[in-house]
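Participant: One predicted model, sequence on top.
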Amino acid sequence: MIDLTNISTHLSIVLGLTFLIILINLVIPLRKLKRIKKQVKKIESA
Amino acid sequence: MNNIFSTVKSFYHKLGSFPWFYKFSSKFIPIVFILGFPIFFLGIIWGIYFSPTDVTQGEIYRIIYLHVPAASVAQTVYFAMAIAGFVYVVWKMKMAGLFIYAMAPIGASFTILALISGAIWGQPTWGTWWIWDARLTSTLVLLLFYLVIIGLYSSFDNKKSADQAVSILTMVGAINLPIIKKSVDWWNTLHQPATIKVFSESSIANEMLYPLLICIFSFYILVFLFGLMAMRAEIAKRELNKSWFKNLVLGND
Amino acid sequence: MNFIKTFFSREILVYSKKSSNIISPIVFFLICITFFPLAVSNDPSQLSRFAPGIIWICILLSGMLSVQTIFKEDFDDGSLDLFYAKDFSILQIVLIKIIVNWLFSALPLIILSSSMVFLLYFPISNLLNLLSSLLIGTIIISFFGALAGALSLGKNSILASAIMLPLSLPVLILGSSASTYSSENIGFFLLLLLSLLFLTIPIISLACMGAIRLHYE
């Protein structure tokens, strides 16, 4: 077990980047799908 | 024996069908999500908090728990794309072509992660952000190949031609990448015979190895998850006007 | 055999009509070479050290510009459609086009790079190595450029260059290394480059055929 105050800024930057990439890869397909579903509904209601 | 063959064959046919994949993935994705993220957090937390401190490098070595899985995933995704390219060119399986387009951004983002985490690790440990050795150079070229694939796909209007072009390029790149790695390696041995292999990894202790393996495994699951989601979204985009998709979307309201 | 001869003479005719097809690669190559002494350093010892790399880079860039357009004209005016529809052998067409393009754009440059002995103080002992590595390397680069041109037919973008250049990295590395050594080690380097050539020709020819076909399906 390490001392939490010892975690360097380097490690936290990399950790943050990892979470950012995971987030991007989760969010973008979801938004794309949502946009397409909305488009389908718009076409049908028109 | 016949039964096994027929089930495999029917699975292969289902796999090639967009509606089946879309419906299957909508049920399967939550399962993978619930499986993947706990393992991911388990690996990360074990590696970062609980594993012992390295003798030579101190705490900074813990970047390995993110860097190595990212690099491993980046290469495997490209290899999978190359196989999918082969499947598309030979058997014209539409799902294979879509696979390449869906996985390319995922592979590219993890290659970026591997490169940046490697540089951040390298700076305090070996004193340099970058070195033109075989591994880093070929990873950089891997990123370039990913970006070129995405660019080439976007330059086509017709999705079928786009799939075909991208399949060809991915396959050619798959052959070219090991050649690049070997030639840079060879070039380095010619020109810098005295350089210590800067990023060589010494044998790793067991207490550090186990969380590393878990992290690698969790990255693969996460990438599988992202792949499912990306393929689902791309299927939706391509099948926008098909009746099965419209019924699915509108029938749910 | 008749088709090969006819098509070969056709391509040579097309290329020799425009003098820009020979002049442009030469001018571009010389200008690129000139950049280095002007922008980096004109110290003879430094130039002599970097000369192999500089020559190879300029050859690669010049090839990048000249080889990507080998299918463009025929595609644009519809001749490629005709060839495809009439079931001509796309493989033969691709190979002949690459050879003729190489004759007009790469071969003059290879001959011209022997003048680098004077311009870049290239050590004359390595000249044979340079020329032979260029001979093989430019053919490989032409194949990659043809693939890049075939994939990006009809698109006006820098995409073809982006495809071709990463693929040509091994050739650059091997060729540049070969040129930095004197002619004693020539056999070793030539073997490496030749193996790359023999690997490239079948795979990239197939890929070019597939790439041209995809525009017609």
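Facilitator: Everything's here; your move. Numbering: from 1, shown residues only, chains lettered A, B, ... in the order given.
Participant: so what's residue A:30 closest to, chain neighbours aside?
Facilitator: residue B:229 (6.8 Å; C-beta to C-beta, 6 or more residues apart in numbering or on different chains). To be clear about C-beta, it is placed using only N, CA and C from the backbone, and glycine gets the same treatment.
Participant: Quickly find the element holding the one you found.
Facilitator: Here residue B:229 is covered by helix B:206-238, with elements defined by DSSP states H and E.
Participant: May I see the buried residues of the next helix or strand after that helix?
Facilitator: Sequence order places helix B:243-251 as the next helix or strand after helix B:206-238, per DSSP H and E. Buried residues in helix B:243-251, counted by 16 or more other C-beta atoms under 10 Å in any protein chain shown: B:245-246, B:248-249.
Participant: Repeat that for stretch C:37-56.
Facilitator: For stretch C:37-56, burial by neighbour count (16+ other C-beta under 10 Å) applies to C:37, C:47, C:50-56.
Participant: any bit of the top helix by length along chain C sitting next to chain B?
Facilitator: In chain C, taking DSSP state H as the definition, the longest helix is helix C:186-213. Yes. Helix C:186-213 reaches chain B (C-beta under 8 Å from any C-beta of the partner chain) through C:196, C:199, C:203-204, C:207, C:210-211, C:213.
Participant: min pLDDT across those, which one?
Facilitator: Of all those, residue C:213 has the smallest pLDDT value, namely 89.
Participant: residue ranges with poor pLDDT in chain C?
Facilitator: Chain C contains no residues with pLDDT under 70.
Participant: what do you get for the stretch 151-253 of chain B?
Facilitator: Where the stretch 151-253 of chain B drops to pLDDT under 70, the residues are B:192-203, B:252-253.
Participant: how about the residues of it that lie near chain C?
Facilitator: B:151-152, B:155, B:160-161, B:164-165, B:168-169, B:171-173, B:175-176, B:179-180, B:182-184, B:186-187, B:190-191.
Participant: Give me the PyMOL select line for the residues you listed, limited to the buried ones.
Facilitator: Applied in PyMOL, the following selects the buried portion of these according to 16+ other C-beta under 10 Å:
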select buried, chain B and resi 151+152+155+161+164+165+168+169+171+172+173+176+179+180+183+184+186+187
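Participant: Now restrict the residues of helix C:186-213 next to chain B to buried residues only.
Facilitator: For the residues of helix C:186-213 next to chain B, buried by 16+ other C-beta under 10 Å: C:196, C:203-204, C:207, C:210-211.
Participant: Looking at those, which is nearest chain A?
Facilitator: residue C:211 (28.4 Å; C-beta to the nearest C-beta).
Participant: For the closest one, give me its contacts.
Facilitator: B:165, B:168, C:147, C:150-151, C:153 (C-beta atoms under 8 Å, 6 or more residues apart in numbering or on different chains).
Participant: Residue C:68 against residue C:152, yeah?
Facilitator: Yes. Counting by C-beta atoms under 8 Å, residue C:152 is a contact partner of residue C:68 at 7.4 Å.
Participant: who touches both of these two?
Facilitator: With C-beta under 8 Å, 6+ apart, residue C:68 and residue C:152 have common neighbours residue C:160.
Participant: hmm, back to that, helices and strands around the helix holding residue B:229, which ones?
Facilitator: When contacts are defined as 3 or more C-beta pairs under 8 Å, 6 or more residues apart in numbering or on different chains; DSSP states H and E, helix B:206-238 sits against helix A:9-45, helix B:18-45, helix B:64-91, helix B:94-126.
Participant: could these go into TSV alongside mean pLDDT?
Facilitator: Below are the helices and strands packed on helix B:206-238 laid out as TSV (pLDDT from 0 to 100):
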stretch	mean pLDDT
helix A:9-45	91
helix B:18-45	91
helix B:64-91	94
helix B:94-126	92
